[in-house]
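Asks: Structure here, sequence nowhere to be found:
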């Protein structure tokens, strides 16, 4: 039997049958967003416009799933955090301005290998962890080949075909099926690229599945939601999990932050206060 999905939020998780409408038509209600609608009568079925991408995203966790008491604790923490928040670091703004220009199509075409190496080894606006793999690969491949690979990755991520969503272009790069990517310029580095070009959206929480510090564990520790532990090759792919968990965390963090970088600092603070190890100490 085909699943019935909400015509507003596309979820198929919590659909209820309401009392018939004035014309006797069947009325359905989505328990997640509250939208009500009447499905097309039998024999007049409307072809679904939902793509496999839409259906996969409809099955991903939503902010409405967080327990009210969790939200209340996070709100209290956010209020206190914002009162004590430091002024934004001007070095971060300078870093973003420089690389926003370099990551434009014209900037990528003309930037030097050193420009790209400086970005890859920088610890401003997100610390990518060890760069030893990238350094060894760079020394082995040389400046020109290393820079060409990084340029190609950034270009595909930011300026790739519009027919492919950002999430799926990121998956292409993370899976690196043809082995053409730059070793060491993977999830953390690609996320840093997104943090530069969209600082209001992308959190400098640079990986999805890294234990304790990845987005999956932050969502679990702070908000109590379980996200997929491992990606699959069809719907919950590597890039989709990375982007959708970012967007979920940004929504859950709430408003009032100067940018996504400050929101990430708050989420790290909240994880230290509300995470599993912190709660164990309280008990």
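Replies: Done, it's in. Predicted, not measured: the structure shown is a model, and the values here were computed from it.

Asks: For this protein, which segments count as strands?
Replies: Listed in chain order, the strands of the chain (DSSP state E) span 15-17, 28-30, 36-37.

Asks: Let's have those in JSON lines, adding distance to residue 190, mean neighbour count and mean pLDDT.
Replies: In short, each C-beta sits where N, CA and C put it, glycine included. What follows is those, written out as JSON lines (distance: least, CB to CB, whole Å; neighbours: other CB atoms under 10 Å; pLDDT from 0 to 100):
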{"stretch": "strand 15-17", "distance to residue 190": "37", "mean neighbour count": "12", "mean pLDDT": "86"}
{"stretch": "strand 28-30", "distance to residue 190": "35", "mean neighbour count": "18", "mean pLDDT": "87"}
{"stretch": "strand 36-37", "distance to residue 190": "39", "mean neighbour count": "14", "mean pLDDT": "83"}
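
Asks: okay, those strands in JSON lines with distance to residue 109 next?
Replies: Supplementary listing: those in JSON lines, determined by distance: least, CB to CB, whole Å:
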{"stretch": "strand 15-17", "distance to residue 109": "50"}
{"stretch": "strand 28-30", "distance to residue 109": "47"}
{"stretch": "strand 36-37", "distance to residue 109": "49"}
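
Asks: Of all these, which one comes closest to residue 155?
Replies: strand 28-30 (39.9 Å; CB to CB).

Asks: got a list of contacts for the closest one?
Replies: Contact partners of strand 28-30, identified using CB atoms under 8 Å, 6 or more residues apart in numbering, comprise 4, 6, 8-9, 11, 14-18, 35-39.

Asks: Break down the stretch 51-200 of the chain into its helices, ranges please.
Replies: Secondary structure of the stretch 51-200 of the chain (DSSP state H, counting those that start in this stretch): helices at 52-58, 68-84, 90-102, 105-110, 113-121, 132-141, 143-159, 166-175, 187-197.

Asks: The last one - what's its average pLDDT?
Replies: Averaged across helix 187-197, the pLDDT comes to 97.

Asks: Give me whichever of the helices of the stretch 51-200 of the chain is most buried.
Replies: A comparison of the helices of the stretch 51-200 of the chain by mean neighbour count, using mean count of other CB atoms under 10 Å, puts helix 187-197 on top with a mean of 22.

Asks: residues touching residue 189, list them.
Replies: 120, 128, 134 are the contacts of residue 189 under CB under 8 Å, 6+ apart.

Asks: Residue 63 is nearest to which of the strands of the chain?
Replies: The minimum distance between residue 63 and these falls on strand 28-30, with 15.0 Å, by CB to CB.

Asks: Which helix or strand in the protein has the lowest average pLDDT?
Replies: Taking mean pLDDT, DSSP states H and E as the measure, the chain has helix 276-282 as its least confident helix or strand, at a mean of 45.

Asks: picking that back up, okay, the helices of the stretch 51-200 of the chain in JSON lines with distance to residue 206 next?
Replies: As requested, these are exported to JSON lines (distance: least, CB to CB, whole Å):
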{"stretch": "helix 52-58", "distance to residue 206": "22"}
{"stretch": "helix 68-84", "distance to residue 206": "21"}
{"stretch": "helix 90-102", "distance to residue 206": "15"}
{"stretch": "helix 105-110", "distance to residue 206": "21"}
{"stretch": "helix 113-121", "distance to residue 206": "13"}
{"stretch": "helix 132-141", "distance to residue 206": "14"}
{"stretch": "helix 143-159", "distance to residue 206": "14"}
{"stretch": "helix 166-175", "distance to residue 206": "12"}
{"stretch": "helix 187-197", "distance to residue 206": "4"}
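
Asks: Go through those and name the closest to residue 219.
Replies: Closest approach to residue 219 among the helices of the stretch 51-200 of the chain is made by helix 68-84 (11.1 Å; CB to CB).

Asks: Counting by contacts, list what the closest one packs against.
Replies: Helices and strands in packing contact with helix 68-84 are listed as helix 238-253, helix 260-274; criterion 3 or more CB pairs under 8 Å, 6 or more residues apart in numbering; DSSP states H and E.

Asks: if we can go back for a sec, indicate which one of the strands of the chain is closest to residue 251.
Replies: Counting by CB to CB, residue 251 lies closest to strand 28-30 out of the strands of the chain; the figure is 18.3 Å.

Asks: Paired strands for the closest one, with orientation please.
Replies: The strands beside strand 28-30 in its sheet (DSSP bridges) come out as strand 15-17 (antiparallel), strand 36-37 (antiparallel).
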